[in-house]
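Asker: Please find the sequence and the predicted model below.
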Protein chains: 2
Amino acid sequence: MKAVLAVHGGAGRWSTDPETIKAVKKVLEDALREGFKYYKSGSSLDMVVAAIEVMESSGVFNAGVGSTVDLAGSVSMDAGVMYRGKAGAVAYVRYPKNPIKLARFILEKTEHIILAGDAADQLAKKLGLDKHPGPAQKVLERYREFLEKVKRGEAIDNPYKRAIQLWLSLGDTVGAVALDSNGDLSAGVSTGGVFLKMPGRVGDSPIPGAGFYANECGAAAATGVGEFIILTNASLRIVDGICNGLEPEKAIESILNLITKRFGAGTAGFIALDRIGRVAGLYNTQAMPWGYITEDGEIKVLGI
Amino acid sequence: MKAVLAVHGGAGRWSTDPETIKAVKKVLEDALREGFKYYKSGSSLDMVVAAIEVMESSGVFNAGVGSTVDLAGSVSMDAGVMYRGKAGAVAYVRYPKNPIKLARFILEKTEHIILAGDAADQLAKKLGLDKHPGPAQKVLERYREFLEKVKRGEAIDNPYKRAIQLWLSLGDTVGAVALDSNGDLSAGVSTGGVFLKMPGRVGDSPIPGAGFYANECGAAAATGVGEFIILTNASLRIVDGICNGLEPEKAIESILNLITKRFGAGTAGFIALDRIGRVAGLYNTQAMPWGYITEDGEIKVLGI
């Protein structure tokens, strides 16, 4: 049973209503099937980007179309991808519907790694990438609800702590890790960031080594409180662990324990894959919908 | 001889004309003296920020006032700082004269780590930080010269490779590492990025673990081709080396050899300081003006 692609839909307190669970499972399965198309004909980069694109476009997760809003009520997104020692990423972008496609362009067509802000948006526009449709209805409702509470003078002693609570119930970043038939590994992530973040806030998702990492030993993709993931260099440390002989599960466990100890529970989750197709997904939150597909096309969805 | 603050003015092919050397040495000494004021009365964060502010304001280095321009002829800057397990950084900012001050604000006053683009610029404006005066005359001249060459149809087969050459002759990022009398370590960097970068390009300077890193064992600050520094997680690896018992010099050497092997010479330089005041500066470029000050106030300038 060799896994070749794994995806996650964000660590958090996922709604337990049957409709949501059904929708989440369907998108994860679609993403796995779409990415798997490139297992033999393409690369792990194709696999990761195709899977993330499905999740970004679904509106079900906090990435792409489903992205949350910042304190100003605007959508801004981060995304990154790594393959064969190169990385591409976008930070604080507002134009593209699928930031992962812009990240891939930077990886393949430039000598840079990260492009940010309005300049990255202009590039997306020039490339003819689809435009983001603006915040989803449910996100705007939640945002207006928050503003109403503020207007009514309800106690909100720490907006960011509150934001984390709200955002964890919304779900988080999407991510994917893949191993292609050449043996090359890729990792990628995409996110709308944390609800009620300060405008301009960039999380772990555009940072190789923080939100994602891939080399010849393994690949890892993160979800959770970006600041904690940056400070622990989490995805790099997981892949380091795999390079040092740990199974993906143990490699994640070691970093996740460190994060839980340092920053508390309810803060992070990871998926990781090694060069022989061993896969794992672990989180210190209530849930983290994730799944994988094997080289025979068998799909498994877990974590919800 | 315990060093308590070290600064660098960028790895590269520094001009050997006596006037430039004199100016560079003077700014480094001023930066060391300014930062040293906080050794006893303040923190290593105060020391690093004060030293970098002097270098940003000098116009002599590619940071703050002296920043280079991107392909569109605009200045945009990155900066970051780390202290006591927290980090603050700005990416792709155009407003502030001293991006390091905005990075410090994010570290101290928010729960975020990185703010980017126009939103970070608006924050700088709201905070009343000094506005950047626009590109320096010598930078604009160099930019116009480049455009003329393009117009005359001179062969420029790879703008970014050429950019690296030009930029190396200009000098690079500034950085500082400090140890205060409480034993706390800080690291910080500030840069105008690479000459003729794509607009929006973000380098290693706003990324903890890449351009800078500090913990209870040591502190490191980088300069060089940001993309290579990101991909090797260079500052993190140097501090890891110090935590594992290496002297700063050996810790830098190990990472610098890896970078030289993987990406070639002329690509990077580092300064590092450990908790007992051992300091080192190493580079694979022709020069890297750097210096340090000891707890007795003795100054040494090297690398040029």
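Answerer: Yep, that arrived. Numbers count the residues shown, from 1 in each chain, chains lettered A, B, ... in the order given.
Asker: next one: stretch A:245-255 to chain centre, how far?
Answerer: Put simply, stretch A:245-255 sits 19 Å off its chain's centre (C-alpha atoms, centre = their mean, to the nearest Å).
Asker: Does that stretch reach chain B?
Answerer: No: contact between stretch A:245-255 and chain B is absent, the nearest approach being 13.9 Å (criterion: C-beta under 8 Å from any C-beta of the partner chain). Heads up, the C-betas are built off the backbone N, CA and C, glycines and all.
Asker: List the contacts of that stretch.
Answerer: For stretch A:245-255, contacts defined as C-beta atoms under 8 Å, 6 or more residues apart in numbering or on different chains pick out A:218, A:220, A:232, A:234, A:237-242, A:270, A:272-274, A:278-282.
Asker: Convert that stretch to PDB, retaining C-alpha atoms only.
Answerer: In PDB, the C-alpha atoms belonging to stretch A:245-255 read as follows (Å, rounded to 0.1, in the frame of the first residue of the first chain):
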ATOM      1  CA  GLY A 245      15.300   7.900   9.300                       C
ATOM      2  CA  LEU A 246      12.000   8.600  11.000                       C
ATOM      3  CA  GLU A 247       8.700   7.400   9.600                       C
ATOM      4  CA  PRO A 248       6.400  10.300   8.500                       C
ATOM      5  CA  GLU A 249       4.200   9.700  11.500                       C
ATOM      6  CA  LYS A 250       7.000   9.900  14.000                       C
ATOM      7  CA  ALA A 251       8.500  12.900  12.300                       C
ATOM      8  CA  ILE A 252       5.200  14.800  12.500                       C
ATOM      9  CA  GLU A 253       4.600  13.600  16.100                       C
ATOM     10  CA  SER A 254       7.900  15.000  17.300                       C
ATOM     11  CA  ILE A 255       7.200  18.500  15.900                       C
END
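Asker: For that stretch, list every residue counted as buried.
Answerer: A:246-248, A:251-253, A:255 (16 or more other C-beta atoms under 10 Å in any protein chain shown).
Asker: any idea which of these is the one closest to A:Glu295?
Answerer: A:Pro248 (16.3 Å; C-beta to C-beta).
Asker: pLDDT value on the closest one, please?
Answerer: Per-residue confidence for A:Pro248 comes out at a pLDDT of 98.
Asker: Report the separation between it and chain B.
Answerer: As for A:Pro248, its distance to chain B is 20 Å (criterion: C-beta to the nearest C-beta, to the nearest Å).
Asker: got it, and A:Met1?
Answerer: Distance of A:Met1 to chain B, computed by C-beta to the nearest C-beta: 32 Å.
Asker: Now, the contacts of stretch A:245-255 that are in strands?
Answerer: Using DSSP state E, A:218, A:220, A:270, A:272-274, A:279-282 are the members of those that sit in strands.
Asker: which of these tops the neighbour count?
Answerer: Neighbour counts for the ones in strands among the contacts of stretch A:245-255, by other C-beta atoms under 10 Å in any protein chain shown, peak at A:Ala220, which reaches 34 neighbours.
Asker: Isn't that one up against A:Gly209?
Answerer: No: applying C-beta atoms under 8 Å as the test, A:Ala220 and A:Gly209 come out as separate, 9.8 Å apart.
Asker: which residues do these two both contact?
Answerer: Taking C-beta under 8 Å, 6+ apart as the contact rule, A:Ala220 and A:Gly209 both touch A:Ser235.
Asker: Any residues of chain A in contact with chain B? List them.
Answerer: Applying C-beta under 8 Å from any C-beta, one finds that chain A approaches chain B through A:76, A:85-87, A:91-92, A:110-120, A:122-123, A:160-161, A:197-203, A:206-210, A:226-227, A:230-231, A:233, A:236.
Asker: Mind giving me the PyMOL select for those residues, buried ones only?
Answerer: Per 16+ other C-beta under 10 Å, the buried members of the residues of chain A next to chain B correspond to this PyMOL selection:
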select buried, chain A and resi 76+86+87+91+92+110+111+112+113+114+115+116+117+118+119+120+123+160+197+198+199+200+201+202+203+206+207+208+209+210+226+227+230+231+233+236
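Asker: Enumerate every residue touching A:Ala31.
Answerer: Contacts of A:Ala31 (C-beta under 8 Å, 6+ apart): A:7, A:50-52, A:54-55, A:176.
Asker: what does A:Lys125 give?
Answerer: A:Lys125 is in contact with A:95, A:131, counting by C-beta under 8 Å, 6+ apart.
Asker: Now find how far off-centre whichever strand or helix holds it is within its chain.
Answerer: Per DSSP states H and E, A:Lys125 falls inside helix A:117-126. Centre-to-centre, helix A:117-126 and its host chain are 21 Å apart (C-alpha atoms, centre = their mean).
Asker: And for stretch A:18-29?
Answerer: 17 Å.
Asker: what does stretch A:132-144 give?
Answerer: Taking the mean of its C-alpha atoms, stretch A:132-144 sits 19 Å from the chain's own mean (C-alpha atoms, centre = their mean).
Asker: and it, which residues are buried?
Answerer: By neighbour count with 16+ other C-beta under 10 Å, stretch A:132-144 contains the buried residues A:132, A:135-136, A:139, A:142-143.
Asker: Reformat the buried residues of stretch A:245-255 as a markdown table; add distance to A:Tyr38 and secondary structure.
Answerer: Shown next, in a markdown table, are those (distance: C-beta to C-beta, whole Å; DSSP: H, G, I helix; E, B strand; the rest coil):
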| residue | distance to A:Tyr38 | secondary structure |
| --- | --- | --- |
| A:Leu246 | 28 | coil |
| A:Glu247 | 26 | coil |
| A:Pro248 | 21 | helix |
| A:Ala251 | 26 | helix |
| A:Ile252 | 25 | helix |
| A:Glu253 | 30 | helix |
| A:Ile255 | 29 | helix |
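Asker: of the residues you listed, closest to B:Phe36?
Answerer: For those, the nearest to B:Phe36 is A:Ile255 (37.9 Å; C-beta to C-beta).
Asker: now, the most widely separated pair of the buried residues of stretch A:245-255?
Answerer: A:Glu247 and A:Ile255 (13.4 Å).
Asker: How about the backbone phi and psi for the residue in the stretch 151-300 of chain A that chain B sits nearest to?
Answerer: Closest residue of the stretch 151-300 of chain A to chain B, C-beta to the nearest C-beta: A:Gly200 (2.8 Å). Dihedral pair for A:Gly200: phi 90, psi -10, per degrees, to the nearest 10.
Asker: Quick check, pLDDT for it.
Answerer: On the pLDDT scale, A:Gly200 is placed at 89.
Asker: mind listing the helices in the stretch 51-200 of chain A by residue range?
Answerer: Here the stretch 51-200 of chain A has its helices, by DSSP state H, counting those that start in this stretch, at A:99-109, A:117-126, A:137-151, A:159-170.
Asker: Could you do the stretch 201-304 of chain A as well?
Answerer: A:226-231, A:234-243, A:248-263.
Asker: What helices and strands are in contact with the shortest one?
Answerer: The one in question is helix A:226-231. With contacts taken as 3 or more C-beta pairs under 8 Å, 6 or more residues apart in numbering or on different chains; DSSP states H and E, helix A:226-231 sits against helix A:248-263, strand B:86-93.
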